[in-house]
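[1] Next input, structure requested:
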Amino acid sequence: MFLKVAGLVFIACVSFSAMAAKTALVGGRLIDGFGHQPLHNSVILINNDTIEAVGTINTLDVPSEYKVVSTEGMDLLPGLWENHAHLMLNGHADYEHWHPTYRNRLKDEIMPASALQLLLAGVTSARDLGAPLEESITLKNKIETGKLAGPHLYVSGPFLQAEPYPGTQHYRWGVKTVQEAKQKVNQLADAGVDIIKLVDQDKMPLNAAKTIVEQAHARGLKVVAHSHRPEEIKVGLKIGVDNFEHTGLTTAPEYDEDIIQALRARTATGRVAGGPLFWTPTIEGLWNYELTVANPEKLDNNCWHRGLRDDTIEDIRQSLKAPGTLAYMQLTPLRKPTLKRKFAQLKEAGVVLLTGTDSGIPTKFHCQSTWNELAIWVEEFAMTPMETLRAATWWPAVMMGVSDSFGSVSEGKSADIIGVKGDVLRYINLLQHVDLVMKAGVIYKQNGQVIESTIPNN
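    Numbers count the residues shown, from 1 in each chain. Have a look, this model is predicted:
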């Protein structure tokens with residue numbers, strides 16, 4: 001027997017079993033990730049971890065065995081992606097103190113807390129770009145097996161670069177030869193990473209850098225690379241990286257014409273070159289830094305405390321007590337005026353932009369970073385809300401080669417869905433208060449409240 005949805009009012013209560021095998025999300029406006037007209041009065045049928053059907057209250061009946069969750073008055077969309085996270089960091093301002101002090105806490109405290117904070121902020125998929133290998137794989141496996149709660153993780157493990165910075169060898173690996181390039185990529189691939197992170201590629205022998213990309217692609221892995229210097233970009237294009245990170249070029253006002261011409265030449269090849277060229281500009285932390293100094297109240301939001309020990313929380317808090325004096329940020333006010341021009345140049349050159357934030361760096365907490373980036377794109381950088389949401393949902397799944405399972409709310413895909421009360425296409429900053437978080441069919445947050453029973457080891 002079927003229940004007709006039209007004309008009925010369903011009330012979802014927090015006591016509803018978040019682990020129900022069959023769930024129906026009923027009534028909200030669906031922004032499905034494909035960029036077309038949203039679907040009003042939607043019905044989404046979810047069987048275990050998979051979206052079974054999508055329709056409306058007039059076209060899709062809800063079978064009687066489904067638990068109904070009302071999404072009336074809400075916008076629903078695919079779970080967000082955080083495309084540049086650092087789960088080994090939690091916003092502490094002093095890396096020289098943080099890394100030695102918390103190295104032994106990464107596996108059991110720091111990285112699990114970071115992952116949970118992202119998930120509860122509506123991030124159901126994340127790329128963790130730079131962390132010790134064992135800790136990265138352990139976290140990924142524990143989330144996949146349900147021992148910890150967090151986003152679907154795509155981990156790089158350690159950075160690959162010409163020479164690790166002093167004291168960073170546990171999460172940065174040096175590569176100087178073709179032989180080392182093959183060996184390090186194979187070691188990472190054999191361990192189970194999803195992506196290779198390359199930095200300072202202009203300081204490596206070109207044949208070693210090229211071998212990293214070729215070996216990664218041979219092992220089915222994508223390569224992301226820093227873009228801090230013009231030569232990093234030029235070398236990255238020459239060796240075929242898939243995704244550049246950051247806007248880079250410090251206080252230079254724009255990318256030089258030779259860089260833009262090289263980008264245009266690459267974006268013109270599209271599928272012939274293996275797909276679009278992706279770019280994750282990570283701009284919000286730079287753009288908002290002076291505003292944070294002027295009003296540091298957001299640093300007192302206790303959302304970033306979740307999963308951390310009291311002494312860790314106090315240590316982070318003390319490191320941020322004078323945000324305007326942070327050595328890490330002293331050049332930031334001079335970089336801010338360059339960001340709009342660089343962002344516009346990238347967009348005009350035809351790269352596919354992805355939302356990512358450097359989440360975890362000083363002053364940037366995992367529970368706040370992603371929505372802040374989206375808001376800046378829309379409110380300051382002339383991106384439409386729909387473009388921005390696609391950069392946070394659909395395009396990351398394409399970049400990672402998983403768009404058959406993620407990136408949109410559609411039949412056959414993973415049931416990764418978030419919801420907010422109100423019109424997110426008019427007010428993008430509604431994403432700072434995600435009311436519904438579902439990942440793989442499990443509801444972790446409903447009516448704005450965490451479903452504590454879904455958090456392992458809670």
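[2] Please make it C-alpha for all contacts and neighbour counts, starting now.
    OK.
[3] can you give me the helices in the protein?
    In the chain, the segments counted as helices under DSSP state H are 95-102, 111-120, 133-144, 178-191, 206-218, 230-239, 257-267, 284-287, 289-294, 310-319, 332-349, 369-380, 385-391, 394-399.
[4] Report the angle between the first one and helix 310-319.
    Which is helix 95-102. 180 degrees (axes from the mean of the first three to the mean of the last three C-alpha atoms, to 10 degrees).
[5] Closest to the centroid, which residue in this structure?
    E82 (0.7 Å; C-alpha atoms, centre = their mean).
[6] circling back to that earlier point, let me have the helices of the chain in JSON lines, extended by mean pLDDT.
    Converted to JSON lines, these look like this (pLDDT from 0 to 100):
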{"stretch": "helix 95-102", "mean pLDDT": "96"}
{"stretch": "helix 111-120", "mean pLDDT": "98"}
{"stretch": "helix 133-144", "mean pLDDT": "98"}
{"stretch": "helix 178-191", "mean pLDDT": "98"}
{"stretch": "helix 206-218", "mean pLDDT": "98"}
{"stretch": "helix 230-239", "mean pLDDT": "98"}
{"stretch": "helix 257-267", "mean pLDDT": "97"}
{"stretch": "helix 284-287", "mean pLDDT": "95"}
{"stretch": "helix 289-294", "mean pLDDT": "96"}
{"stretch": "helix 310-319", "mean pLDDT": "98"}
{"stretch": "helix 332-349", "mean pLDDT": "97"}
{"stretch": "helix 369-380", "mean pLDDT": "97"}
{"stretch": "helix 385-391", "mean pLDDT": "98"}
{"stretch": "helix 394-399", "mean pLDDT": "98"}
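[7] most neighbours per residue, which of the ones you listed?
    helix 111-120 (a mean of 27; mean count of other C-alpha atoms under 10 Å).
[8] what about the residue lying closest to N372 once chain neighbours are set aside, distance to H217?
    The shortest distance from N372 to any non-neighbouring residue, by C-alpha to C-alpha, 6 or more residues apart in numbering, is to E284 (6.6 Å). Distance of E284 to H217, computed by C-alpha to C-alpha, to the nearest Å: 31 Å.
[9] cool, A189 as well?
    For A189, the distance to H217 - C-alpha to C-alpha - is 11 Å.
[10] now do K340
    33 Å.
[11] Repeat that for N207.
    Distance of N207 to H217, given as C-alpha to C-alpha: 15 Å.
[12] so who does S369 touch?
    T357, S359 (C-alpha atoms under 8 Å, 6 or more residues apart in numbering).
[13] again, only using 6 Å
    Contact partners of S369, counting by C-alpha atoms under 6 Å, 6 or more residues apart in numbering, are S359.
[14] Could you tell me how far it is located from N295?
    The gap separating S369 from N295 is 16 Å, by C-alpha to C-alpha.
[15] can you check L119 too?
    For L119 relative to N295 (C-alpha to C-alpha), the value is 26 Å.
[16] repeat for R309
    In terms of C-alpha to C-alpha, R309 sits 26 Å off from N295.
[17] One more: K413?
    41 Å.
[18] Also P63?
    Applying C-alpha to C-alpha to P63 and N295 gives a distance of 51 Å.
[19] out of those two, which sits in the busier spot?
    Taking neighbours as other C-alpha atoms under 10 Å, P63 and N295 compare with P63 leading, 17 against 11.
[20] and the more buried one, bridged to which residues?
    Here P63 sits in beta bridges with F2, as judged by DSSP bridges.
[21] Kindly report the same for E245.
    With DSSP bridges as the rule, E245 is bridged to H226, T280.
[22] For G307, which residues are in contact?
    A113.
[23] cool, E163 as well?
    Counting by C-alpha under 6 Å, 6+ apart, E163 has contacts G174.
[24] Please work out which residues outside stretch 450-458 touch it.
    Contacts for stretch 450-458 (C-alpha under 6 Å, 6+ apart): K147, L148, A149, Y444, K445.
[25] Only C-alpha atoms, please: export it in CSV.
    What follows is stretch 450-458, C-alpha atoms only, in CSV (Å, rounded to 0.1, in the frame of the first residue of the first chain):
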residue,chain,number,x,y,z
VAL,A,450,23.2,16.9,15.9
ILE,A,451,21.8,13.3,16.1
GLU,A,452,24.2,12.2,18.8
SER,A,453,23.4,8.5,18.4
THR,A,454,24.9,8.6,14.9
ILE,A,455,28.4,9.7,16.1
PRO,A,456,30.6,6.6,17.0
ASN,A,457,32.5,6.8,20.2
ASN,A,458,30.4,9.8,21.2
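[26] From the chain's centroid, how far away is it?
    22 Å (C-alpha atoms, centre = their mean, to the nearest Å).
[27] And stretch 32-47, by the same measure?
    So, by C-alpha atoms, centre = their mean, the centroid of stretch 32-47 is 22 Å from its chain's centroid.
[28] residues of stretch 347-357 that come out buried?
    A349, G350, V351, V352, L353, L354, T355, G356, T357 (16 or more other C-alpha atoms under 10 Å).
[29] now do the same end-to-end measure for stretch 34-51.
    For stretch 34-51, the end-to-end distance is 16 Å (C-alpha to C-alpha).
[30] and what of stretch 201-210?
    9 Å.
[31] ok, residues contacting that stretch?
    For stretch 201-210, the surrounding residues in contact (C-alpha under 6 Å, 6+ apart) are A162, T177, V178, A181, E231, E232, V235, I239.
[32] Stretch 109-116 now?
    Residues from elsewhere that reach stretch 109-116, judged by C-alpha under 6 Å, 6+ apart: L87, M88, A149, G150, G307.
[33] Keeping just the C-alphas, turn it into PDB.
    In PDB, the C-alpha atoms belonging to stretch 109-116 read as follows (Å, rounded to 0.1, in the frame of the first residue of the first chain):
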ATOM      1  CA  GLU A 109      42.200  13.400  18.500                       C
ATOM      2  CA  ILE A 110      43.100  16.000  15.900                       C
ATOM      3  CA  MET A 111      42.200  14.500  12.600                       C
ATOM      4  CA  PRO A 112      39.000  12.700  13.800                       C
ATOM      5  CA  ALA A 113      37.800  16.000  15.300                       C
ATOM      6  CA  SER A 114      38.500  17.900  12.100                       C
ATOM      7  CA  ALA A 115      36.600  15.300  10.000                       C
ATOM      8  CA  LEU A 116      33.600  15.400  12.300                       C
END
